[in-house]
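1. Predicted coordinates and the sequence they were generated for:
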Amino acid sequence: MKFTYPSELPVSASRGEIEQAVRSSQVVIVSGQTGSGKTTQIPKILLQMGRGSHGHQIVHTQPRRIAARTVADRIAAELNVQLGEEVGYQVRFDDKSSPATRLRVVTDGILLAQIQRDPRLSAYDTIVIDEAHERSLNIDFLLGYLTALLPKRRDLKLIITSATIDSVKFQEHFAKALHTKVPVIEVSGRTYPVQTIYEPLGSPPALMNSVPGFASVQLDPDSGDPLETAQADLPTAVARACAELVIHSSHSSGPRDILVFAAGEHDIHEYEAALRHHFGPRAEDMRRADAIEILSLYARLSAKEQHRAFQAHSHQRIIIATNVAETSLTVPGIRYVVDPGLARISRYSKSAKVQRLPIEPISQASADQRAGRCGRVADGIAIRLYSHDDYETRPRFTEPEILRTSLGSVVLHMLSVGVARTAQDVTEFGFIDPPDMKAVSDGFNELTELGAIDRKHGEIRLNPLGRKLSRIPIDIRLGRMILQAAQTSTPNTLAAVIVVVAFLSLQDPRERPEDKHDEADRLHARFEDPASDFVSVLNLWHYCFPEGKSPSSSALRKLAKGEYLSFLRLRQWHDLYRQLSQMCQQMKMKVGEPLPASGPNPEIASLPLAQQGRGSLACSWDSDGLHRAMLAGLLSNIGMQVITDPKASQFAGLKGPARAKAIKRAQKRSRNDYRGARGTHFAIFPGSAVVKSPPSWIMSAGLVETSRLWARYCATIDPVWAENLAGDLCRVTYAEPHWSASKGAAVASSTVLLYGLPIVANKPVLWGSINPAEARDFLIRQGLVEGDIRQRFSYDSFIEDNRSILQEASDEASKTRLVSQAATEEDLFDFYNDRLPATITSLAALAKWWKGERAQRPDFLTFDPAQVDRLQEREHSVKPGDYPDHWQTQGTDGRPLSLRLSYVYDPQAKDDGVTVHIPYLPWAS
DNA sequence: GAGCACTGC
């Protein structure tokens, strides 16, 4: 290794200071703007100091994969070593490191994952967290974890690099937590000055006014709009700012491209239309000498379309971009920036528990970052389309992500590493900005919904499912689907679920180029399944990866090109599928093959690369199994269709065909309206195939609120599936309890509610069982729905005694109580006793028979005679999904044996859950 | 009838 430090990089001058700080302190903060060279030079300084040796490494984290690769590449080149030897990198699917590696550049997610295996991070003696000011969930978790770890590992050094303004916050945090001095080393940037100009809506053209003689310059000779035109809206304000900058550029030399920031795709189109209107032929005819090329840039664009912004070009350019251009992508040659000051920010709604994407004013830090994008090649100018006062009143920083997302995965991670056992542990963990109690308890609730945790005496612990879940490197809801699929007996269902889960964790590989929407839609429609977007996904998979194998790169590239699919994302999809299925195999799950549901769709069969002969294969996984497994992760994303007929008054002003058309549209719209969990309302996203004929019940993989609450990918479900999966999340209400002479039983109508949705409605319940799932099951299975049970229970007296009370009970709660009391153990006993096979003469035989019953009905309470003593405890808390029972049989000694379980409604119980008293009496007659 | 950007054992 050869250590040289380019003298033109500002950080080189601070080398001595940095070395000194790292020697004397455990935590060092290096702050500096882009271009200071801190990212590449600091690791070199550390290596030269001798860190990253004696069996320990230096780990350097980057927020993005590409960055991790390129940083490692550049450092290796500067040190003149082979990449993968002393300097290596590790990102998902790609590990270029060796035993000789002393410096490992990784994404922050990789380091986070390593904590699980190696909680003390003993592989490292130095950790560099780069770009800490981005404050992503991963970075905040890492910094929080390291806050707790550093006192236990005095030999471990932490270097944080960040933008200047954030460094104070990091310094204060670590100084306070570790009771030491935390040096901050300021490194100047190597950027050009940027002039910031404020032009709020309706104001005169400030840039031109600052240049004598320009005030009356025409925006463009062809459009005839003078610059003074008061701009009432953002698109015209954007156009005027660009016009000013174009004029400015014509009077100066050097780069002249303009970067316009927009909040989203919709805004991009609006700005583009305004710009084309203003620049007229100059924006159309690229053969003109003064042509202006208008491009857009956002993440969902195809690779080819994105690439255009980075290609060399001769004419002036205006690039309209979303936030991708703020941090992830650096557009070269930008001299000017136009910043309307808005962005879509992801927020988590605490009341509705859904993700929201509102358009909000950006923070000062974000505005400065945007302005900084034009100072990289020459003196720049940034025009802000809001006032200086507006800027001053904005928040200093964008709220860190940890305060804006659901915390389920953070909590899961903390439980699995063992740093938290209560919600308080989480809020008191060393986070720089600790989330509040409400957000944390929501995180715990999410884990409860997924069945990942058990609560005991105020302490929360991961159960086996939760422990497995924490090992699966994907979103926890998606991980839950995998674990559920692993439990189902149908072969190959797990493989199908993995295909879908992998799809859902990546960007959709289906592309829709702006000018070819229709053709792309038409081609993609071949894969559509009208009832489930997830089956569509599988159809796409079978088309792209017949036989489950990835075709050669060139074949896949060719296929992708003609089908409006992204080659890169298809490959990522396949990579992730492989990673997940290998992992499942390691966790001893039977994966199988994701074979087509029912042979190829005839449409698909006619396509060139289609797998012929699939039709002869029997269905290898069942569609119900796939959807049931997925539902385990999506319980709070179910929706019930609400049809409200449009009112005539809505069409009062319309006549004839126009009226008919409006009514039809309103009717269609009214069918796409769903009541979701916790009183929310949502609609199927127009891109989903399910929207064409909205089913009465759906589940959705992802609810996001923008213009309204949209369900992105959907599938039809049978809501009854949710009942067993939800367990004690379900609430049961009873109505109309009465004595039915024909059925010979107390009968009530029960409704099972999940998050306020009636997943099982108006089902008759016999004996007022508190477990309507069982009762319903019984009624159907035993053919008792129409009621042929002879009246032989001892209900008469109970009903006689309580008839008036039952009829008078007005509120649901008291009805519930009464009906529950109606279920006495005698009734259960009689019923079951009648069904016991005569051959049973001992508890062991009873258990055997019972086991057979359970095989068919897996939610039965486990009954093991060996555990009988345990049941003698006076009180047990039993989930409604469990099935306590009541048995009597004869022992080998001829004496009757009985296990009696009875329900007792407990009005004192805080939850709607039911406390069950289980007196166990091996009867001695 | 239309959604910001990242990331993982």
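-> The structure has been received and is ready for your questions. Numbering: from 1, shown residues only, chains lettered A, B, ... in the order given.
2. By proximity to DNA strand B, which residue of the stretch 601-750 of chain A wins?
-> residue A:712 (2.5 Å; C-beta to the nearest atom of the strand). Backbone N, C-alpha and C define where each C-beta goes, glycine included.
3. and that residue, what is it in contact with?
-> Residue A:712 is in contact with A:685, A:687, A:688, A:700, A:701, A:702, A:703, A:704, counting by C-beta atoms under 8 Å, 6 or more residues apart in numbering.
4. try residue A:705
-> A:349, A:352, A:354, A:355, A:356, A:357, A:358.
5. Return the members of the contacts of residue A:712 classed as buried.
-> Burial by neighbour count, 16 or more other C-beta atoms under 10 Å: within those this picks out A:685, A:688, A:700, A:701, A:702, A:703, A:704.
6. ok, and the closest non-adjacent residue to the fourth one?
-> Take residue A:701 and drop its neighbours on the chain: the residue closest to it by C-beta to C-beta, 6 or more residues apart in numbering is residue A:713, 4.5 Å away.
7. what's the spacing between the one you found and residue A:406?
-> Per C-beta to C-beta, to the nearest Å, residue A:713 is found 18 Å from residue A:406.
8. Between those two, tell me which one has more neighbours.
-> residue A:713 (24 against 20; other C-beta atoms under 10 Å).
9. for that one, phi and psi?
-> With angles defined as degrees, to the nearest 10, residue A:713 sits at phi -110, psi 130.
10. Residue A:520 now?
-> phi -60, psi -50.
11. Can you give me the distance of it to residue A:464?
-> Residue A:520 is 45 Å from residue A:464, by C-beta to C-beta.
12. rewinding a little: farthest pair within the contacts of residue A:712?
-> The largest separation in the contacts of residue A:712, counting by C-beta to C-beta, is between A:687 and A:703 at 14.3 Å.
13. So which residues of the stretch 151-300 of chain A form strands?
-> Counting by DSSP state E, counting those that start in this stretch, the stretch 151-300 of chain A has strands at residues A:157-162, A:184-187, A:194-198, A:257-261, A:292-297.
14. In three-state terms, label residue A:343 for me.
-> strand (DSSP: H, G, I helix; E, B strand; the rest coil).
15. With the one 10 residues further on instead?
-> Per three-state DSSP, the local secondary structure of residue A:353 is coil.
16. Now do the phi/psi pair for the nearest residue to residue A:365 once chain neighbours are set aside.
-> Closest residue to residue A:365 apart from its sequence neighbours, by C-beta to C-beta, 6+ apart: residue A:397 at 4.8 Å. Taking degrees, to the nearest 10, you get phi -120, psi 160 for the backbone angles of residue A:397.
17. and residue A:397, how many residues sit next to it?
-> When neighbours are counted by other C-beta under 10 Å, residue A:397 comes out with 17.
18. do the same with residue A:47
-> 21.
19. Retrieve the pLDDT associated with it.
-> Turning to residue A:47, the model gives it a pLDDT of 94.
20. Pull the contacting residues for it.
-> Contacts of residue A:47 (C-beta under 8 Å, 6+ apart): A:1, A:3, A:58, A:79, A:86, A:102, A:103.
21. what does the stretch 451-600 of chain A have sitting close to DNA strand B?
-> Residues of the stretch 451-600 of chain A lying close to DNA strand B (C-beta under 7 Å from any atom of the strand) are A:470, A:471, A:473, A:474, A:475, A:505, A:512, A:517, A:521, A:583.
22. Pipe the residues you listed into JSON lines and attach pLDDT per row.
-> What follows is these, written out as JSON lines (pLDDT from 0 to 100):
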{"residue": "A:470", "pLDDT": "92"}
{"residue": "A:471", "pLDDT": "90"}
{"residue": "A:473", "pLDDT": "91"}
{"residue": "A:474", "pLDDT": "93"}
{"residue": "A:475", "pLDDT": "94"}
{"residue": "A:505", "pLDDT": "93"}
{"residue": "A:512", "pLDDT": "85"}
{"residue": "A:517", "pLDDT": "82"}
{"residue": "A:521", "pLDDT": "88"}
{"residue": "A:583", "pLDDT": "91"}
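23. Which members of those are positioned in strands?
-> Taking DSSP state E, every one of these sits outside strands.
24. Using JSON lines, lay out those together with neighbour count.
-> Listed next are those as JSON lines, based on neighbours: other C-beta atoms under 10 Å:
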{"residue": "A:470", "neighbour count": "20"}
{"residue": "A:471", "neighbour count": "14"}
{"residue": "A:473", "neighbour count": "17"}
{"residue": "A:474", "neighbour count": "21"}
{"residue": "A:475", "neighbour count": "17"}
{"residue": "A:505", "neighbour count": "16"}
{"residue": "A:512", "neighbour count": "18"}
{"residue": "A:517", "neighbour count": "11"}
{"residue": "A:521", "neighbour count": "14"}
{"residue": "A:583", "neighbour count": "17"}
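25. of the contacts of residue A:712, list those near DNA strand B.
-> A:685, A:687, A:702, A:704.
26. Need the residues you listed in JSON lines (columns: pLDDT and secondary structure).
-> As requested, those are arranged in JSON lines below (pLDDT from 0 to 100; DSSP: H, G, I helix; E, B strand; the rest coil):
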{"residue": "A:685", "pLDDT": "93", "secondary structure": "coil"}
{"residue": "A:687", "pLDDT": "89", "secondary structure": "coil"}
{"residue": "A:702", "pLDDT": "88", "secondary structure": "coil"}
{"residue": "A:704", "pLDDT": "92", "secondary structure": "strand"}
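27. residues contacting the residue nearest to residue A:701?
-> A:504, A:533, A:534, A:537, A:685, A:688, A:700, A:701, A:702.
28. Let me know the closest of these to residue A:298.
-> residue A:685 (17.8 Å).
29. just the helices in the stretch 151-300 of chain A please.
-> In the stretch 151-300 of chain A, the segments counted as helices under DSSP state H, counting those that start in this stretch are A:167-178, A:206-209, A:234-250, A:265-279, A:281-284.
30. looking at the ones you listed, which has the lowest confidence?
-> helix A:206-209 (a mean of 78).
31. how much distance is there from that helix to the middle of the chain?
-> How far helix A:206-209 lies from its chain's middle: 45 Å, per C-alpha atoms, centre = their mean, to the nearest Å.
32. List the buried residues for it?
-> A:207, A:208, A:209.
33. Equivalent analysis for stretch A:296-307, please.
-> Neighbour-count burial for stretch A:296-307 [16+ other C-beta under 10 Å]: A:296, A:297, A:298, A:301, A:302, A:305, A:306.
34. on that earlier part again, looking at the strands of the stretch 151-300 of chain A, which is buried most?
-> strand A:257-261 (a mean of 27; mean count of other C-beta atoms under 10 Å).
35. which ones are touching the residue in chain A that DNA strand B sits nearest to?
-> Using C-beta to the nearest atom of the strand, the single residue of chain A nearest to DNA strand B is residue A:264, 1.9 Å away. Residue A:264 is in contact with A:298, A:322, A:344, A:359, counting by C-beta under 8 Å, 6+ apart.
36. One more pass at 6 Å, please.
-> residue A:344 (C-beta atoms under 6 Å, 6 or more residues apart in numbering).
37. Roughly how far does residue A:105 sit from residue A:518?
-> From residue A:105 to residue A:518 the distance is 44 Å (C-beta to C-beta).
38. who has more neighbours, these two?
-> Taking neighbours as other C-beta under 10 Å, residue A:105 and residue A:518 compare with residue A:105 leading, 33 against 9.
39. quick one, domains of chain A?
-> A:10-187, A:194-399, A:402-471, A:476-631, A:635-718, A:722-917 (automatic domain parsing).
40. Which one of those domains has the poorest average confidence?
-> domain A:722-917 (a mean of 46).
41. how many neighbours does the nearest residue to residue A:423 once chain neighbours are set aside have?
-> Excluding the flanking residues, the one nearest residue A:423 by C-beta to C-beta, 6+ apart is residue A:440, at 4.7 Å. For residue A:440, the count of nearby residues is 23 (other C-beta under 10 Å).
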